[in-house]
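Visitor: Return a 3D structure for these sequence lines:
(chains A and B)
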Amino acid sequence: MSAPARTRVEPDDAPERPAVREGTAMLGRSSDSALATLRRGLRLSPEFTRGIGLTLLFAVIATVGKVVVPLAIQQIIDRGLQPGGDPDLGFVAAAVAVCSALIVVTGFCSYLMNVRLYRATESGLATLRRKAFRHVHDLSVLTQNSERRGALVSRVTSDVDQISTFMQWGGILLIVSSGQLLIATVLMAVYSWQLTILVWVCFLPLLFGARWLQVKLSKAYLKVRERTGDMLGAISETVVGAAVIRAHATEERTGRRIDQTVLATRRAQVKAQRLSMAISPFAEFVAAVANAAVIVVGVLLGVAGDLTAGELVAFLFLVTLFVSPMVMATEIFNEAQNAIAGWRRVLGVLDTVPDVADPGEDGVQLPRGPVGVRFERVSYAYPGGPTVLDEVDEEIRPGTRVAVVGETGSGKTTFVKLLTRLMDPTEGTVHLDGVDLRRVAFSSLRRRVVMVPQEGFLFDSSLGDNIRFARPDAGDAELEAAITDLGLSDWLAGLAHGLDTPVGQRGESLSAGERQLVALVRAYIADPDLLVLDEATSAVDPATEVRIQRALDRLTAGRTSVTIAHRLSTAEAADEVFVFDAGRVAQRGSHAELVGRPGVYADLHASWVRSSA
Amino acid sequence: MIDAATSELAASGLSGPPTTKLGERMSPGVNRQPPAVDSRVLRRGLYVLGVSIRTEPWVFAIAVIGSALHAGLSVASASVLGHITDSVILPAFEEGRTTAAALAVAAALTLGVGVGKALGLAARRLYAGLMQFRMQARYRRSVARRYLDLPLAWHHRHPTGQLLSNANADVEAAWQPLAPLPMVIGSLFMLVIAAVSMLLTDPVIAVVGFVVFPVLALLNYLFQRRVSPLATRAQALRAQVSEVAHESFDGALVVKTLGREDTETERFTGAAHRLRDAQIQVGRMRGAFDPIIESLPNIGVLAVLLVGTWRLSQGEIAAGDLVEISYLFTLLTLPIRSLGWLLGDLPRSVVGWNRVQAVLSARGSMEHGTTRLDGEGGLRVEVNGVGFSYEDGYAEPGRDLTDTASTEEHAHPRTTVLRDVSFELSPGRTIALVGSTGAGKSTLTSLLMRLVDPDSGTVAFNGVDVRDLARGEIARVAALVPQSTFVFEDSVRDNVTLGADIDDERVWAALRLAHADSFVAALPEALDTRLGERGASLSGGQRQRLALARAIVRSPRLLILDDATSAVDPQIEARILAGLRDTDLAATVVVVAYRRATIELADEVVYLEQGTVRDRGTHAELLDRSPGYRRLVTAYERAAEQRAAQAAGDDTEEVVR
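Guide: Prediction:
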């Protein structure tokens, strides 16, 4: 196998997380009405409407030009080249000159309008992205984990992009088309109000039809998205699960699944396409009906003496000017629905209230120095789930090294999450240095309390940058000093590019053990007063394991630390051990005290001794 | 009429900015710059289109017929209207009366043309879409099937992201031009009619037309050339925005616990702003181009009118001819533009096609024999002088992937992983493979399962070379639980059985043996619970135990555990391994392990060092005689002792002070 460390086993990162959680603060979509959504969306990014007045002015000029130019050309044809009579070359030349000037002005205004629109829209979209992105990070871990990563990403990417098509040409074109419709209607009414009403009546079904189509279409598109997701999932299994598929010889079954999902996607695509393309032929048909009706009724009106032949011919020409903005408007209407759906999803993010909120400016700033922790009758239950921590009442003195042990599901991870305020207790209070944790400003909390999760997530950049993530202003010398302090200089020396070593996506160019080391150095650079560690469980080769242990010892020296211990040695080395069982601290004391006493710890210890290396 | 063009544009969705395609791009970092439209790309692009036409001739024919119908009737509708004006409207007004029959004829003609146009349009768009989706589906299936057939070694040479984008974005890009294709062909048809009729009417006016059209085409070409690198850049930046968001949300816990939300937002905003600026640049180009293209035909009409009036005054042409040519002119904007879209899509299509072809033409399927293994009970496994090396690195990201031939068989430096490895495993024994990181343990397990073939030497089961075994035979008799477990997005049951016909009782038995029964039973729907994206709802240890059950349920005669219980608590791991020994599985078990307790459970240890077997024997024997082995397995204890000694030293110092 060419890449043994390609994807390492992810350790028990959240053993207490139930497979399906109900009632968690999930990201929804805003349920505001379409118009309210539009208003809120526009307010969120002021760039959208900044300078809209001038843009609209250009739009109006461009629109007028678009209607007037064909009319003028029609006039030239009518007046300049009377059939039978002599062509009026002078008139034609003059009219052509005027028309050309008009075209230039119209074109230039269109250009200005386009550029202004692009600038306004793109700036507005960037702002929307930024706001949504920031809000995702402000949400609690619980809410973040309730969504697929991909779904979260699409809230700041494709959902926002969905708005862009509408904003960039749809919105203004809707205004332009409405303008064209209005002008055409007024001109038509000048010739004959009866025929104008007739044309509008003919086109009404198009409006309603489009509305009806839209509902079906959004369902169809949703289906396409779902099917495409299934398909990509199935295909990715052939790549990501290549080894498993071969080891168990399930190629045929996987192939069949792929065929099914690919065909299902195709069917959904074709169905959506059938609906989405229907509007144009329908419009063609409606236009034909309108034309036929105008001819019949127009002739009858003419016979009755209410209309002249010239008026009817002119009117027929106006109908063609009426059709295209009408079709355009209906199409844009569809686009608007998409945009609003996108906005709803983005607003859904922004509307999700973070269930762990930063007190911000009013928050308490904690002074530096080892932290004391007190849990006061703290209970926790996942939304809709059973109680996982039950009235825990404990105190940790400043500077103590605490090891937390217990079986999977005993509440030890929850304890640590509450301690770092990744979650708030459902009942009771956690105090840091006597201050209710909920009142501590995040800026102060995150500086003083640092957690090193089991799987040290690394960003796709250099080793140095990843360490610096904890303190961006730290120089290379400081990083090297930190690495030396933790006894890891020989490891750093062994890396070909030192601090510049690229770590790869998610740090996968490094081994699991090395990633853990980077996470530890990162925590050291952050220089916290309370260090919370979740010890990695995955076995690394013994040499790395020794390095990690050594670095851990130095990292925790002189600080309050709480470590979820998976190894006997960690529990042995701690000042105090908290033994969790069924959501309570069943035992607490030093290793020496606990090991002799019959109880949960003694049992754990026995099995550890039997198995640990 | 001019606006009909715009509306068509809007309808086809091609005038707007490039919208994100369904199914977000899955491969971040794989940016590619499509080549500009040159004759090579054009030829290749036309070839790709030819492939699709040969594959779906009927669908294509209907789309083109629809397109021609629509185009032809669009041209004809003006004369029909003219005819109605002359024969029905004007007489009616002159005579002050009309007949129902005349009106009916007029209405029927108008309606007929309209219905014909509608039908043509519907057929064109429907079948163009059908063709595009069919080709996409066809090639997605072929690509995915190819992934299943190609050996694991091939998979290891190609980054996951690239393979996923081959099946998704590249297939999509390859068939993108199929959407405008029928329209372009219909339009070309129209263009020819127009050109001929203009020439027939008046050569002088035709010259004006022949000036405008090439200008239009040239502008289009220049625009595509200038805008397409910008658009590609914007697309890459769009992918970057998505990448940054993905990474940042992936590391949300670290961001939160280190309080780095602000800097992350800054980083993301940076990416979003780069995208914004690129998009504005594209917008500026497009914003200038659109009005020019839109007004050019109007200018053309004016020119035709000016020249035409002069010709008219000279008595060279009739007024009616002039009106007709003016009308034709306005109709021709769209054809020229649709040709531009097609040309614009071609380079991306060619790149996509080449990348897809690279997968489809990749060589190296595994050959299988026909031998089947009889009997039951543990297998005897012989590894004989096996050597293995692999190519360094993945396919380089910068390599020109448009060149099909270069993707395979490039001379790369190779890293030797195993060298002349030989050992024999007796039936029913448990053997531990021990060695430091990079010693070749995982590679050895892959060779045992024949996921890869050795460069030299053989692996044999009960005396049969694994290369002579029938397809699927190895999977029938042996099971590997790999280091990284893979969970299918499927029910727990299907994840264990993998579709094999195995009853629930046996599934539960396997889960029990893997110590996975209690957590599975606690899931909301037990065996029917669907596991999410790569089993994200399970912890690492739970996933490993599930993978173990998947292997056990097949009652393998050779069970290979490649560090497969590393994320399981040590005490549970011990229970699992003890359980495996106590069952009547009677399998030969190979276990890759670091933990001493795991090693001690084995009958025998094979100790690897830098790709060769350094020693073999019982744990006690190796501890005794092999210094490297001793160093490795006792490293942790020695460190603990040192620490204890140090702590003791500190204490004494304090006492002394």
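
Visitor: Going by C-alpha atoms from here, please, whenever you check contacts or count neighbours.
Guide: OK.

Visitor: any idea of the mean pLDDT for the helix or strand harbouring B:His273?
Guide: In this structure, B:His273 sits in helix B:261-313 according to DSSP states H and E. Model confidence over helix B:261-313, given as mean pLDDT, is 85.

Visitor: same question, stretch B:166-183
Guide: Across stretch B:166-183, the per-residue pLDDT values average to 84.

Visitor: so how far does that stretch reach from one end to the other?
Guide: Stretch B:166-183 has an end-to-end distance of 28 Å (criterion: C-alpha to C-alpha, to the nearest Å).

Visitor: any residue of that stretch up close to chain A?
Guide: Yes - taking C-alpha under 8 Å from any C-alpha of the partner chain as the criterion, stretch B:166-183 and chain A are in contact, through B:Ala167, B:Asn168.

Visitor: How about stretch B:221-241?
Guide: Yes - on the criterion C-alpha under 8 Å from any C-alpha, stretch B:221-241 is in touch with chain A at B:Val241.

Visitor: could you give the mean pLDDT of that stretch?
Guide: Over the span of stretch B:221-241, the pLDDT mean works out to 78.

Visitor: next one: stretch B:51-59
Guide: Across stretch B:51-59, the per-residue pLDDT values average to 91.

Visitor: before we move on, what about stretch A:65-81?
Guide: Confidence over stretch A:65-81 (mean pLDDT, whole number) is 72.

Visitor: Count the neighbours of residue 151 for me.
Guide: All of this is about chain A. Applying the criterion other C-alpha atoms under 10 Å in any protein chain shown, we find 14 residues in the vicinity of A:Ala151.

Visitor: Hmm, no, I was thinking of chain B.
Guide: B:Pro151 is flanked by 22 other residues according to other C-alpha under 10 Å.

Visitor: how about A:Phe459, secondary structure?
Guide: Three states are possible here, and by DSSP: H, G, I helix; E, B strand; the rest coil the one that applies to A:Phe459 is coil.

Visitor: swap that for B:Val589, sorry
Guide: strand.

Visitor: And it, how close does it get to chain A?
Guide: 16 Å (C-alpha to the nearest C-alpha, to the nearest Å).

Visitor: And for B:Asp501?
Guide: B:Asp501 sits 12 Å away from chain A, taking C-alpha to the nearest C-alpha as the criterion.

Visitor: Next one: that residue from B:Arg554, what distance?
Guide: As for B:Asp501, its distance to B:Arg554 is 10 Å (criterion: C-alpha to C-alpha).

Visitor: of the two, who's got more company?
Guide: B:Arg554 (22 against 7).

Visitor: and that one, what helix or strand is that in?
Guide: Going by DSSP H and E, B:Arg554 is not in any helix or strand.

Visitor: cool, A:Phe317 as well?
Guide: With the criterion set as DSSP H and E, the secondary-structure element containing A:Phe317 is helix A:309-351.

Visitor: That helix - contacts with which helices or strands?
Guide: Contacts of helix A:309-351 with other secondary structure elements, assessed using 3 or more C-alpha pairs under 8 Å, 6 or more residues apart in numbering or on different chains; DSSP states H and E, are made with helix A:34-44, helix A:89-138, helix A:149-156, helix A:158-165, helix A:171-191, helix A:193-240, helix A:279-303, helix B:2-12.

Visitor: Tabulate those helices (CSV), appending distance to A:Pro367 and mean pLDDT.
Guide: Below are the helices and strands packed on helix A:309-351 laid out as CSV (distance: least, C-alpha to C-alpha, whole Å; pLDDT from 0 to 100):
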stretch, distance to A:Pro367, mean pLDDT
helix A:34-44, 37, 82
helix A:89-138, 24, 88
helix A:149-156, 36, 74
helix A:158-165, 42, 77
helix A:171-191, 54, 82
helix A:193-240, 49, 82
helix A:279-303, 67, 86
helix B:2-12, 62, 34
